[in-house]
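> model this:
(4 chains)
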Protein chains: 2
Amino acid sequence: MEVELLNWPADTDRRARLQELAHPRILLVEPDEPAPITADPLEDWIRLPVDQHDLQTRVETLRRRTKVEPTLDGDGVLRYGANWTALPPIEAALTELLLARFGRVVSREALLRQGWPDDEPTRNVLDVHVLRLRRRLEPLGLSIRTVRKRGYVLSV
Amino acid sequence: MEVELLNWPADTDRRARLQELAHPRILLVEPDEPAPITADPLEDWIRLPVDQHDLQTRVETLRRRTKVEPTLDGDGVLRYGANWTALPPIEAALTELLLARFGRVVSREALLRQGWPDDEPTRNVLDVHVLRLRRRLEPLGLSIRTVRKRGYVLSV
DNA sequence: CACTGGCATTCACGGCGACGAAACAGATCA
DNA sequence: TGATCTGTTTCGTCGCCGTGAATGCCAGTG
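Numbers count the residues shown, from 1 in each chain, chains lettered A, B, ... in the order given. The predicted structure follows:
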């Protein structure tokens, strides 16, 4: 998502619309105007005249905050947007690999090695775990798509 | 919660500790140093030499952002939004730790150490206290979610 | 076009262990 | 004394995991 630059206080109404849309933005504040105070973490501001490097830093920071990839922490908690779910050990292991190749195909073999490093389980075990993982991911707005004979892809 | 001011890059390690604690902070960045980029919405920065009004604005903004978390005072009174509840000693101790890691997983072991620093109580004691704490938090719109085999997460 | 074989999805079940809930009793405090 | 806080026991429930079997989907073949 692109970070919008707008002038303050000139673009007051535009700022309100962007806030409504949860769209990231940076206010370029006139030299002698006070900057507005908000609780919205998707808004930042910088005082004119701007230093290009500082502006670039703030833009990049906002981009990180809106980053669209889900994250998985060490406790098996998967976060995406405002929601999160706890994943059981095997599903967390599978998700870890799917996230590392987010948006790309992960082969069944790789997933089997990831979830069951030691023994070689029956084929159906992976299918069932993918099914359960799908159900858990659905409320978050994530989905696992099948690529026949190739593997699975994690996407939004 | 108080917003911490620290120097960048001098206080690098201190910044890491505050981030771990989810404590709001503002970095005072040396004139020719690049500012760090992070996704943490509880961090902001300003370039030296600082304008006092701008600094005050950023401090106030961070304060607003931390207001979305409940607070616990020294008398065991937990406030969230317009409501509040009094917590008995042990539950207050547990809540204190859960709040410090608000939105993240807190292990059973950590909670046991927090509530019973000296002796080692039976397994179920913690379960029961969590159960009672849940009942108390529910009217406030807060909930403790279980992460099986890992611990608990306090969230809204 | 229908058939067929292989792959994938889904459901239901049972075992196991972790967690939750209720009830009770002693301790503490106002 | 009455209310609240706390720890313990006991039992019920639920989540996680593997298995088997039924169904569905798709591609290539004849």
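
> Give me the neighbour count for A:Trp45.
For A:Trp45, the count of nearby residues is 20 (other CB atoms under 10 Å in any protein chain shown). Yep, even glycine has a C-beta here, placed from its N, CA and C like the rest.

> swap in A:Asp40?
Close neighbours of A:Asp40, defined as other CB under 10 Å, add up to 16.

> phi, psi of the residue nearest to it when sequence neighbours are not counted?
Leaving out its chain neighbours, the residue that sits closest to A:Asp40 by CB to CB, 6 or more residues apart in numbering or on different chains is A:Gln19, at 5.9 Å. When read as degrees, to the nearest 10, the backbone of A:Gln19 gives phi -60, psi -40.

> Tell me, how many residues neighbour A:Arg150?
A:Arg150 has 11 neighbouring residues, counting by other CB under 10 Å.

> can you check A:Val106 too?
Using other CB under 10 Å, A:Val106 has 22 neighbouring residues.

> Quickly note the distance from it to chain B.
Distance, A:Val106 to chain B, by CB to the nearest CB, to the nearest Å: 25 Å.

> go on, A:Leu112?
To chain B, A:Leu112 is 23 Å away according to CB to the nearest CB.

> just A:Asn83 next, same as before
With CB to the nearest CB as the criterion, A:Asn83 and chain B are 10 Å apart.

> Disregarding flanking residues, what is the spatial nearest neighbour of that residue?
A:Leu140 is the one closest to A:Asn83 (CB to CB, 6+ apart), at 5.2 Å.

> Looks like that neighbour contacts A:Pro70 (just checking).
Yes - using CB atoms under 8 Å, A:Leu140 is in contact with A:Pro70, at 7.1 Å.

> So between these two, which is more surrounded?
Neighbours were counted for A:Leu140 and for A:Pro70 using other CB under 10 Å; A:Pro70 has more, 22 against 17.

> What sits closest to that one if chain neighbours are left out?
Going by CB to CB, 6+ apart, A:Pro70 has A:Tyr80 as its nearest residue, at 3.8 Å.

> Quick check: phi and psi on the one you found?
Taking degrees, to the nearest 10 as the convention, A:Tyr80 sits at phi -150, psi 120.

> what's the spacing between it and chain B?
Taking CB to the nearest CB, one finds A:Tyr80 at 14 Å from chain B.

> Enumerate every residue touching A:Thr38.
If a contact means CB atoms under 8 Å, 6 or more residues apart in numbering or on different chains, then A:Thr38 has A:Gln19, B:Thr61, B:Arg64 as its contacts.

> Show me what from chain A comes close to DNA strand D.
Neighbours of DNA strand D within chain A, by CB under 7 Å from any atom of the strand: A:86, A:88-91, A:116, A:121-122, A:124-125, A:128-129, A:148.

> what about burial for the residues you listed, which qualify?
Buried members of the residues of chain A next to DNA strand D, counted by 16 or more other CB atoms under 10 Å in any protein chain shown: A:Ala86, A:Ile90, A:Glu91, A:His129.

> Cross those against strands and list the overlap.
A:Ala86 (DSSP state E).

> Narrow the buried ones among the residues of chain A next to DNA strand D to those in helices?
A:Ile90, A:Glu91, A:His129 (DSSP state H).

> now the residue lying closest to the first one once chain neighbours are set aside: how far from B:Gln114?
In space, and not counting its chain neighbours, A:Ile90 is closest to A:Gly115: 5.0 Å by CB to CB, 6+ apart. Counting by CB to CB, to the nearest Å, the separation of A:Gly115 from B:Gln114 is 34 Å.

> Chain A: helices as residue ranges?
Assigned by DSSP H, the helices in chain A fall at A:12-20, A:52-65, A:89-100, A:108-115, A:123-137.

> Of these, which is nearest B:Thr12?
Among the helices of chain A, helix A:52-65 comes nearest to B:Thr12, with 16.6 Å by CB to CB.

> Check which residues of the closest one are buried.
For helix A:52-65, the neighbour count (16+ other CB under 10 Å) marks A:Asp54, A:Leu55, A:Thr57, A:Arg58, A:Val59, A:Thr61, A:Leu62 as buried.

> That helix: how far from the chain's middle?
Its chain's C-alpha centre and that of helix A:52-65 lie 17 Å apart, by CA atoms, centre = their mean, to the nearest Å.

> residues from chain A in reach of chain B?
A:34-35, A:37-39, A:41, A:47, A:51, A:53-54, A:57, A:60-61, A:64-65, A:67, A:73, A:75-77, A:86, A:88-89 (CB under 8 Å from any CB of the partner chain).

> Report pLDDT for the residue nearest to A:Asn83.
pLDDT for A:Leu140: 92.

> related to what we said a few turns ago, rebuild the residues of chain A next to DNA strand D as TSV, extending it with pLDDT.
Below are the residues of chain A next to DNA strand D laid out as TSV (pLDDT from 0 to 100):
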residue	pLDDT
A:Ala86	97
A:Pro88	97
A:Pro89	96
A:Ile90	96
A:Glu91	97
A:Trp116	93
A:Pro121	81
A:Thr122	85
A:Asn124	91
A:Val125	94
A:Val128	96
A:His129	97
A:Arg148	90
